[in-house]
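> Kindly generate the corresponding structure for this input.
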Amino acid sequence: MRPWIHIIGGGLSGLSLAESLSKYPKFPGPVVISEPKITNLNERTFSFWFTKPEESFLRPQHVSDRWSISGDGFQVKHRGQRFSYGTIMGKTVLSAALKAVEAHPQITIREERVSSMPDADHVFDCRPQGPDTFSLIQSFAGTEIVFHLPHGVESVGLMRSLEATSTGIRFLYLLPLSQRRLLIEHTEFTSVPADLDKLSEMNQVFIEQEFPLGAYEVTRVEAAHIPMGFKKRESAFGIPLGSRAGMARNATGYGYRTIRYTTHRMAQELIEKNEITPYRSPRLVSWADNLFIELIKNRPEAMPAVLAQLARNMGPDNFAAFMTSYSLTDILRVLWTAPMKPFALALFGLYRWI
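Modelled structure (predicted):
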C-alpha cells in the first residue's frame, strides 16, 4: 500500500513527528520512517529552557535554575525564576519514540538510506546538510564522566572561559546531569569546521586538571557540527524538517524545544486537515540571528564583551527567553539591551569600526 507519510531520517525531528502521530489511533495510510542507523540518537544530549507548564511535554531529566557565562575578567551568574534549564538524553528520546512507534500498527521503521524522492502523500526530509552549506558552524565535542562521589557542580556553565579565536569564539560547556554525572564539552562558533579531535583533547586536559585521577570514569563521548544558519539550501525530498528546516536556532544552535512543538503541531494538522504548514522562522528572529552571526564572523574578538553585556543587562528570565526564541518580544528586548555600538555598526556592515 502506498505510504500516507514517508519520514526520511530517524533523528530527533523525524522520531518526534512519528511519536506525535502515534497518539492518533488511525491514519489514512501507512507511515514509513527510513533511517540506516536508528541508534545514532543514543549519543546525543538535548538541552533547552522551559517554564513549569511545559515540563510534562518537554520531559527534562535534569533541571537547573542556575547558569553562568564567564571569560577573561568577567562572570555573570543567573538564577531563573520563571525559566529553568532542562536536559534530556538522546537515549531517552529514542526509547520513548520507539516504544510509541512500535505500538502503532500503521508505523514502520526501515533500516535504509533514501537517495531519491519517495512516493507518498507527504514526505518529510530530516537529513542533515553538509557543513559546507552552513553560514556559521557550531562544532562541539563532549565527554560524559561518572564520579564515585557527588561532583558538587550545581550550576550550568553555559559559556565558561569564553574567548575569541581567529575564526569565531570558543568556550567550555559544563553540564551536571545528576549528582555524579557531568558532561564536559568544548564548543566553537566558527566560520570553518573546528577540529573535533582537538576539542575532545581539550576536554581531557580540563578533566585531568580539575578532578583527581581515579575519582571518575568516562562513560560516553559525542561530537558534531551543527548549522547556525545556511549559506545555501540543498534541495529537499518533500518538506524539510529539523535542522534542515532551520529549527535549530541560528544564533545559539538550540533546537529541541522548537522541534518538539513544531512536530506536535504538524501531526495535528495532518490528522485534522491532511495538510501541512512548513516551518518558517519568524523574520525578526532570523534578522537578529543573522546580525549576531555576522558579528561573530567579522569581529570575533568583540563577542566576549558583547555576550557579557547581554547577559548582565537582560537578567536571567529574559536571557533564557531570548535564547529559546520564546517570543518576538524577547528579540526586541535583546536589541534594546544589546551594546549599541557593535550592533549598530554591524547593521551597516561597518565591522572595522567596532
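
> Output stretch 278-295 in PDB with nothing but the alpha carbons.
Coordinates of each C-alpha in stretch 278-295 appear next as PDB, following Å, rounded to 0.1, in the frame of the first residue of the first chain:
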ATOM      1  CA  PRO A 278       6.000  24.100   6.700                       C
ATOM      2  CA  TYR A 279       8.100  25.600   9.500                       C
ATOM      3  CA  ARG A 280       9.300  29.200   9.000                       C
ATOM      4  CA  SER A 281      11.400  31.100  11.500                       C
ATOM      5  CA  PRO A 282       9.900  34.500  12.300                       C
ATOM      6  CA  ARG A 283      11.600  37.200  10.100                       C
ATOM      7  CA  LEU A 284      12.600  39.300  13.100                       C
ATOM      8  CA  VAL A 285      14.200  36.300  14.800                       C
ATOM      9  CA  SER A 286      16.100  35.500  11.600                       C
ATOM     10  CA  TRP A 287      17.200  39.100  11.100                       C
ATOM     11  CA  ALA A 288      18.500  39.400  14.700                       C
ATOM     12  CA  ASP A 289      20.300  36.000  14.400                       C
ATOM     13  CA  ASN A 290      22.000  36.900  11.200                       C
ATOM     14  CA  LEU A 291      23.200  40.100  12.700                       C
ATOM     15  CA  PHE A 292      24.700  38.200  15.600                       C
ATOM     16  CA  ILE A 293      26.300  35.600  13.200                       C
ATOM     17  CA  GLU A 294      27.900  38.400  11.100                       C
ATOM     18  CA  LEU A 295      29.400  39.900  14.200                       C
END
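
> Any buried residues in it, and which?
In terms of neighbour count (16 or more other C-beta atoms under 10 Å), stretch 278-295 has its buried residues at Tyr279, Ser281, Val285, Ser286, Ala288, Asp289, Asn290, Leu291, Phe292, Ile293, Glu294, Leu295. Placement of C-beta: from N, CA and C, glycine included.

> Any chance of these in a markdown table with distance to Lys77 and secondary structure as columns?
Putting the buried residues of stretch 278-295 into a markdown table (distance: C-beta to C-beta, whole Å; DSSP: H, G, I helix; E, B strand; the rest coil) gives the following:
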| residue | distance to Lys77 | secondary structure |
| --- | --- | --- |
| Tyr279 | 34 | coil |
| Ser281 | 30 | coil |
| Val285 | 27 | helix |
| Ser286 | 30 | helix |
| Ala288 | 25 | helix |
| Asp289 | 25 | helix |
| Asn290 | 29 | helix |
| Leu291 | 27 | helix |
| Phe292 | 22 | helix |
| Ile293 | 26 | helix |
| Glu294 | 29 | helix |
| Leu295 | 24 | helix |
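
> In contact with the residue lying closest to Gly29 once chain neighbours are set aside, which residues?
Residue nearest to Gly29 in three dimensions, not counting chain neighbours: Trp4, with 3.2 Å by C-beta to C-beta, 6 or more residues apart in numbering. Residues in contact with Trp4, defined by C-beta atoms under 8 Å, 6 or more residues apart in numbering, are Phe27, Pro28, Gly29, Pro30, Val31, Ala120, Asp121, His122.

> Take these and keep only those in strands.
Val31, His122 (DSSP state E).

> neighbour-wise, which of the contacts of Trp4 leads?
For those, counting by other C-beta atoms under 10 Å, the largest number of neighbours falls to Val31: 24 neighbours.

> Any chance of a markdown table for the buried residues of stretch 278-295, columns distance to Ser22 and pLDDT?
Rendered in a markdown table, the data for the buried residues of stretch 278-295 read as follows (distance: C-beta to C-beta, whole Å; pLDDT from 0 to 100):
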| residue | distance to Ser22 | pLDDT |
| --- | --- | --- |
| Tyr279 | 20 | 94 |
| Ser281 | 27 | 86 |
| Val285 | 30 | 81 |
| Ser286 | 32 | 85 |
| Ala288 | 36 | 81 |
| Asp289 | 33 | 86 |
| Asn290 | 36 | 86 |
| Leu291 | 40 | 84 |
| Phe292 | 37 | 86 |
| Ile293 | 36 | 91 |
| Glu294 | 41 | 88 |
| Leu295 | 42 | 88 |
